[in-house]
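Asker: Starting from these lines, generate the structure:
(one chain, ligands or ions: 1)
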Amino acid sequence: MCCKIENSGQNTYSETRKDPKKNNIIMSEKKKVSVIGGGTMGNGIAQLFALHEYQVHVVETNQELADHAFEAIEINLDRMVQKEKIDNKKKKETLQCIHLFQAAEDAVKGSELIIEAVPEEFEIKKQVFSDLDEHAPEDAILATNTSSISITKLAAVTSRPNRFIGMHFFNPVPVMKLVEVVSGLQTDPEVVHRIQQTAKELGKVPVPVKDSPGFVSNRVLMPMINEAIFCVYEGAATPENVDEIMKLGMGHPMGPLRLADFIGLDVCLDILNVLYESFRDSKYRPCPLLVQMVDAGNLGDKTGSGFYKY
Ligand code: CAA
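Answerer: Presented below is the predicted three-dimensional model:
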């Protein structure tokens, strides 16, 4: 199944929504969120909200990426059906809550919460938030799923830094319980409270932290991954053996190198660079092997090759 991007509110699902016999659940007033970016994190976040009966407006830049986001959600819902966590009716209702848009301007009308999940580059996010600031409802909360970029710096791009917050989900979003709730220097405590409540409504566990480089999750995780890469770089052990040690000895579900591939080696490098540049402490310097692998385009799962082949 594919879903056409909504430019003027007209698509397969808009038509379905008009037929109460086909779908009465959509007829009631629903909470609306927008998710900017339909990549791995964006489509996971969209799926999560849709499963909890929010109307979700997903913004992708072209039809191909939009189709990809929609298909990823469908595959994940199929997995849930196979595992008997949801039935086919729930799958259908969930997909009907997903609406694809090309322009954020059209998507954000009436959204109470807008979550940005675009690539991890300040300039790209800056552009997105300038646009959102202009078009989002005045009382909407602007949230970012950034893994490491300063919330305070991103908030400063907008005219509403008090309504700006980090809502950091973890991959795979439908599975991982944590939402790291990151308040910037000017985030209103009421906004922190509302995001924590929303995370709980979604079945997640919100943990509040203050804005600081890498927040807590990646400040702790990335040095461990980097050190694992140094072990391989210096010939102390193979990737398989490093991972075996951390899985069997430390009880990690994935070894750090398998996890690095899963996250994306480019993302790991970006986060380490943020930590290194922010703290100016050599303990965060990225391992040269990580830099080389990113230069070579071996980014992990998404390119079919990283520390492992996929
Ligand atoms: N979407 C939805 N569900 C998924 C999924 C996906 N992509 N991948 C796995 N699952 C579900 C499975 O359906 C299964 O559900 P049940 O237990 O209910 O049957 C469960 O997750 C376990 O999956 P599997 O049995 O297939 O495989 P597994 O036991 O090896 O678990 C894993 C897979 C959940 C990914 C596990 O290996 C794990 O927890 N790994 C660590 C993941 C992690 O650390 N994520 C955080 C990365 S950091 C980040 O995201 C933020 C950042 O800023 C970089």
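
Asker: mind checking the longest helix of this protein?
Answerer: helix 63-82 (DSSP state H).

Asker: Run through the strands of the stretch 201-310 of the chain in chain order.
Answerer: Using DSSP state E, counting those that start in this stretch, the strands of the stretch 201-310 of the chain run over 205-210.

Asker: Kindly indicate whether the residue most central in space within the chain is helix, strand or coil.
Answerer: By CA atoms, centre = their mean, the chain has its centre lying nearest to Met41, at 3.0 Å. When classified by DSSP: H, G, I helix; E, B strand; the rest coil, Met41 comes out as helix.

Asker: re the thing from before, helices or strands next to the helix or strand just after the longest helix of the chain in the packing?
Answerer: Counting by DSSP states H and E, the element after helix 63-82 in chain order, helix or strand, is helix 88-96. On a contact count with 3 or more CB pairs under 8 Å, 6 or more residues apart in numbering; DSSP states H and E, helix 88-96 meets helix 12-17, helix 40-51, helix 63-82. Heads up, the C-betas are built off the backbone N, CA and C, glycines and all.

Asker: quick one: is helix 88-96 near the ligand?
Answerer: No: applying CB under 6 Å from any ligand atom, one finds helix 88-96 separated from the ligand by no less than 12.9 Å.

Asker: Helix 40-51 and that helix, what's the angle between them?
Answerer: 120 degrees (axes from the mean of the first three to the mean of the last three CA atoms, to 10 degrees).

Asker: picking up where we left off before, quick one, what contacts the nearest residue to the residue nearest to the centre of the chain once chain neighbours are set aside?
Answerer: Of all residues not flanking Met41 in the chain, Ala117 sits nearest, at 4.5 Å (CB to CB, 6 or more residues apart in numbering). For Ala117, the contacting residues are Val35, Ile36, Gly37, Gly39, Met41, Gly42, Ile45, Asn145, by CB atoms under 8 Å, 6 or more residues apart in numbering.

Asker: Would you mind naming what in this protein lies close to the ligand?
Answerer: Near the ligand, when you scan the chain using CB under 6 Å from any ligand atom, you find 76, 79, 83, 147, 170-172, 174-176, 218, 253-254, 259, 263, 267.

Asker: Check those residues and tell me the two furthest apart.
Answerer: Comparing all pairs in the residues of the chain next to the ligand by CB to CB, the longest separation belongs to Lys83 and Asn218, at 29.9 Å.

Asker: Compare neighbour counts for the two and give me the winner.
Answerer: Higher neighbour count among Lys83 and Asn218: Asn218, with 23 against 8, using other CB atoms under 10 Å.

Asker: Please name the residues that touch that one.
Answerer: Ser147, Ser148, Ile271, Leu275.

Asker: do you know how far the residue nearest to the centre of the chain is from Glu84?
Answerer: Going from Met41 to Glu84 by CB to CB, to the nearest Å gives 26 Å.

Asker: now Gly203
Answerer: Taking CB to CB, one finds Gly203 at 17 Å from Glu84.

Asker: and those two? which has more neighbours close in?
Answerer: Legend: neighbour count by other CB under 10 Å for Gly203 and Glu84, higher for Gly203 (11 against 7).

Asker: Now do the same contact list for that one.
Answerer: His52, Lys177.

Asker: again with the one 3 residues further on
Answerer: With contact taken as CB under 8 Å, 6+ apart, Pro206 is in contact with Val179, Glu180, Val181, Ile195, Gln196, Ala199, Lys200.

Asker: List just the nearest of those to the ligand.
Answerer: Using CB to the nearest ligand atom, Glu180 is the member of these that lies nearest the ligand, at 8.3 Å.

Asker: With adjacent residues omitted, what lies nearest to the closest one?
Answerer: His168 is the one closest to Glu180 (CB to CB, 6+ apart), at 3.9 Å.

Asker: Just confirm the one you found contacts Ser148, I think it does.
Answerer: No: using CB atoms under 8 Å, His168 is not in contact with Ser148; the gap is 9.3 Å.
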